[in-house]
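>>> Show me the folded form of this:
(chains A and B)
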Amino acid sequence: MLAYIARRIVYVIPIVISVALVCFLLVHITPGDPLVAILPADASQELAAQLRAAYGFDRPLPVQFGLWLWKAVHLDLGNSIATGRPVFTEVMNAVKNTFMLACAASVIGFTLGVFFGLVAGYFRDTWLDKLATSIAVAGVSVPHYWLGMVMVIIFSVTLGWLPAVGAGPGGSADWKWDWAHIQFLVLPAITMSVIPMGIVTRTIRALTGDILSQDFVEALRSKGLKETRVFRHVVKNAAPTAVAVMGLQLGYLLGGSILIETVFSWPGTGFLLNSAIFQRDLPLLQGTILILALFFVFLNLVVDIAQASIDPRIKRA
Amino acid sequence: MSAVDTTLQAAPVQNARGYWATVGRRLVRDKVSMFCAFVLLAILLAAIFAPYLHLADPYQGSMVRRLRHIGTPGYPLGTDELGRDMIARLIYGGRLSLLIGILPVVLAFIIGTGLGLIAGYAGGWANTAIMRTVDVFYAFPSVLLAIAISGVLGAGVVNSIVSLTIVFVPQITRVAESVTTSVRNLDFVDAARASGAGAMTIMRVHMLGNVLGPIFVYATGLISVSMILAAGLSFLGLGTKPPEPEWGLMLNTLRTAIYVNPWVAAMPGVMIFAVSICFNLLSDGLRSAMDIRN
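Model prediction:
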């Protein structure tokens, strides 16, 4: 097992460096001068040159990349152009909120997905299966930012049960685990949960169907095993793939929360990304993307290791 | 087990009709797929022939008839925040929305199939170079990648098509590569090589026809995601600019109206949802129609 983990970690290193390179290059393929946002319109040539030197934009690209990477390794992603605060601190504060939202959405989405998937897989081609697969298709096809709007229309505007936007009463950003705060989490979390719900339902349905049609299940049943014990075998065989799909989904939620966070004004990484894009705050944009992508790579690594520890066949491959 | 007999009887008939003809017949018999195809065709044709449908001007607003409710005489689906007829805007909006949703997948299908064929057929360093590059793009969640590229390139229709194409190329390349690799070592490819066919001829004549099917099914499934993402980019303000009718952008500008006239504000999303779910169901139908063994 340790050898497998070591092998996986070695494999991740070139990926991490390439991801950093992509994030670095993203800013350098930007049309226009990266200094445009901070430079006054009537700035002289000397001032522009001075600033360019101060930010290191006058050096050759590979040198810039090396320096940037060296700083990034030491958790220094530069300062936000808009606020002047360190990018790393800004992103980490936002990641906390996004992580909370993504986890809440995952809990809802995975629970429903596993339940619907098992029902559909066990009762294949019945009306239960059709209902569950219809919900799943709707879940993966719905534009979730629109669903968010519809949720706000129903539960905030019409019924007035839940707040429409924000993450705390009076726009406060200090999270507490009481209903006054949790009620702000309900709508975005449910909205966000529909995609993983749909995908997990489809995965579990296909897995259950495959496993139930295999010979060993028939063997288990014919030797007189109770259906509840057979179910344990089904779960055991479905677990590695299910864990992999769910891990990936959590990663997609963390990285893809921008639309939901915009609809609900949720103060997370997506919200940060949105303001970075429209204020052309390139260090902040670069740092946010880098940290989110690294989270995703790390999550993939964890998923692979978890999968291998459940399913011994993977280690040998 | 008991199906052996029927398989033996059915085989000659299927051969006589050919693979794609069989797939077509199976698809036509699938009611859900046909319904979805009909809906998509209706939306597409309405968008293309919008100028001939005697609709109101989608750009012409009026301050006195803003945010009329659904069912107002003369405005069956109401009016938007600037008093423009919603039906006209929804139909005209289909032109740009379908374009920015479908075109990236078509482009990625062409580029990704090419890259995947080369990687799968050539193997060796070409495979390593292409597939390791693809791996790097897989390290980004697709929504994040689309928004990052779009955000850096700046708002605009062309930029959003470019960014979505970049997002989908690695995904299609990966599918194309794995299909090609599985076909490469089959006997008929060896036979072609033995009879002196060059690499280009083998790829074009012998492999392409065998790998296109699975890649095509995968790509039709991607259109659903692409529609949602493309409209999503416009929703964030990274796509087209007002007053252009486009479903994602309309959803964005109507957001302020949800307290006044919520159901009119939600209409553009219904269109995105309808197109996206129809492509998803059609893709599912195609997949099971092509799976002739079952």
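>>> correct me, but residue A:300 touches residue A:249?
No. Residue A:300 is beyond contact range of residue A:249, at 11.8 Å (criterion: CB atoms under 8 Å). For every residue, glycine as well, the C-beta is placed using N, CA and C.
>>> Find the closest residue to chain A in the stretch 151-294 of chain B.
residue B:269 (2.9 Å; CB to the nearest CB).
>>> ok, the closest residue to that residue other than its chain neighbours - how many residues close by?
Nearest residue to residue B:269 in three dimensions, chain neighbours excluded: residue A:146, at 2.9 Å (CB to CB, 6 or more residues apart in numbering or on different chains). Neighbours of residue A:146 under the rule other CB atoms under 10 Å in any protein chain shown: 28.
>>> right, is the helix or strand hosting residue B:221 up against chain A?
Counting by DSSP states H and E, the element that carries residue B:221 is helix B:208-235. Yes. If you take CB under 8 Å from any CB of the partner chain as the test, helix B:208-235 does meet chain A, through B:224, B:227-228, B:231-232, B:235.
>>> Could you rank these by neighbour count and give me the top one?
Neighbour-wise, the residues of helix B:208-235 next to chain A (other CB under 10 Å) top out at residue B:231, 35 neighbours.
>>> Which residue comes closest to that residue once chain neighbours are left out?
Counting by CB to CB, 6+ apart, the residue nearest residue B:231 is residue B:248, at 3.2 Å.
>>> Neighbour count for residue A:300 and residue A:249, which is higher?
Remark: of residue A:300 and residue A:249, residue A:249 carries more neighbours, 25 against 19, as counted by other CB under 10 Å.
>>> What's the separation between the more buried one and chain B?
Distance, residue A:249 to chain B, by CB to the nearest CB, to the nearest Å: 10 Å.
>>> What residues of whatever helix or strand that residue lives in count as buried?
Under the criterion of DSSP H and E, residue A:249 resides in helix A:227-255. Using 16 or more other CB atoms under 10 Å in any protein chain shown as the test for burial, helix A:227-255 gives A:230, A:234, A:237-238, A:240-255.
>>> Report the contact partners of the closest residue to chain B within the stretch 51-200 of chain A.
Nearest to chain B in the stretch 51-200 of chain A, going by CB to the nearest CB, is residue A:146, at a distance of 2.9 Å. By CB atoms under 8 Å, 6 or more residues apart in numbering or on different chains, the residues touching residue A:146 are B:251, B:266, B:268-270, B:272-273.
>>> Are any of these buried, and if so which?
B:251, B:266, B:268-270, B:272-273.
>>> For the residue most central in space within chain B, which non-adjacent residue is spatially closest?
Closest to where the C-alpha atoms of chain B average out (CA atoms, centre = their mean) is residue B:223, at 1.8 Å. Nearest residue to residue B:223, sequence neighbours excluded (CB to CB, 6+ apart): residue B:279, at 4.5 Å.
>>> Quick check: the gap between that neighbour and residue B:219.
Residue B:279 sits at a distance of 10 Å from residue B:219 (criterion: CB to CB, to the nearest Å).
>>> Within the helices and strands, which one has the residue nearest to residue B:269?
Per DSSP H and E: helix A:144-151 holds residue A:146.
>>> so where is chain A shaky, pLDDT-wise?
Within chain A, the segments meeting pLDDT under 70 span A:30-43, A:55-56, A:168-174, A:314-317.
>>> Check which helices and strands the longest helix seen in it sits against.
In chain A, taking DSSP state H as the definition, the longest helix is helix A:87-122. Applying 3 or more CB pairs under 8 Å, 6 or more residues apart in numbering or on different chains; DSSP states H and E, one finds that helix A:87-122 contacts helix A:127-141, helix A:179-212, helix A:227-255, helix A:258-264, helix A:269-278, helix A:282-310.
>>> Let me know how buried residue A:178 is, in neighbour terms.
8.
>>> next one: phi and psi at it?
phi -130, psi 170 (degrees, to the nearest 10).
>>> give the contact list for it.
For residue A:178, the contact set (CB under 8 Å, 6+ apart) is empty.
>>> Can you mark which positions in stretch B:195-213 are buried?
The neighbour-count check on stretch B:195-213 (16+ other CB under 10 Å) flags B:197, B:202-203, B:206-208, B:211-212 as buried.
>>> can these go into a markdown table with extra columns for pLDDT?
Rendered in a markdown table, the data for these read as follows (pLDDT from 0 to 100):
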| residue | pLDDT |
| --- | --- |
| B:197 | 81 |
| B:202 | 81 |
| B:203 | 78 |
| B:206 | 76 |
| B:207 | 79 |
| B:208 | 80 |
| B:211 | 85 |
| B:212 | 87 |
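>>> Relative to residue A:155, which of those residues is nearest.
Distances from residue A:155 to these, taken as CB to CB, are shortest for residue B:212 (46.2 Å).
>>> where does chain B have its least confident helix or strand?
Least confident element among the helices and strands of chain B, by mean pLDDT, DSSP states H and E: helix B:4-17 (a mean of 49).
>>> Next secondary structure after that helix?
helix B:19-29.
>>> Pull the number of nearby residues for residue A:115.
Using other CB under 10 Å, residue A:115 has 15 other residues around it.
>>> distance of it from residue A:7?
From residue A:115 to residue A:7 the distance is 36 Å (CB to CB).
>>> just residue A:126 next, same as before
45 Å.
>>> So for the longest helix of chain A, what gets flagged as buried?
Neighbour-count burial for helix A:87-122 [16+ other CB under 10 Å]: A:87-88, A:90-91, A:94-95, A:97-102, A:104-106, A:108-110, A:112-114, A:116-122.
>>> Quick check: pLDDT value at residue B:196.
In this prediction, residue B:196 carries a pLDDT score of 82.
>>> how about the strands in the stretch 51-200 of chain B?
For the stretch 51-200 of chain B, applying DSSP state E, counting those that start in this stretch gives no strands.
>>> ok, which residues in it are in contact with chain A?
With CB under 8 Å from any CB as the criterion, the stretch 51-200 of chain B meets chain A at residues B:132, B:135-137, B:139-144, B:147-149, B:151-154.
>>> Return the subset of these lying in helices.
With helices taken from DSSP H, the overlap with those comprises B:132, B:135-137, B:142-144, B:147-149, B:151-153.
>>> need the helices for chain B, in chain order.
Counting by DSSP H, chain B has these helices, from start to end: B:4-17, B:19-29, B:31-48, B:86-122, B:124-138, B:142-153, B:157-184, B:187-194, B:199-201, B:208-235, B:247-254, B:262-290.
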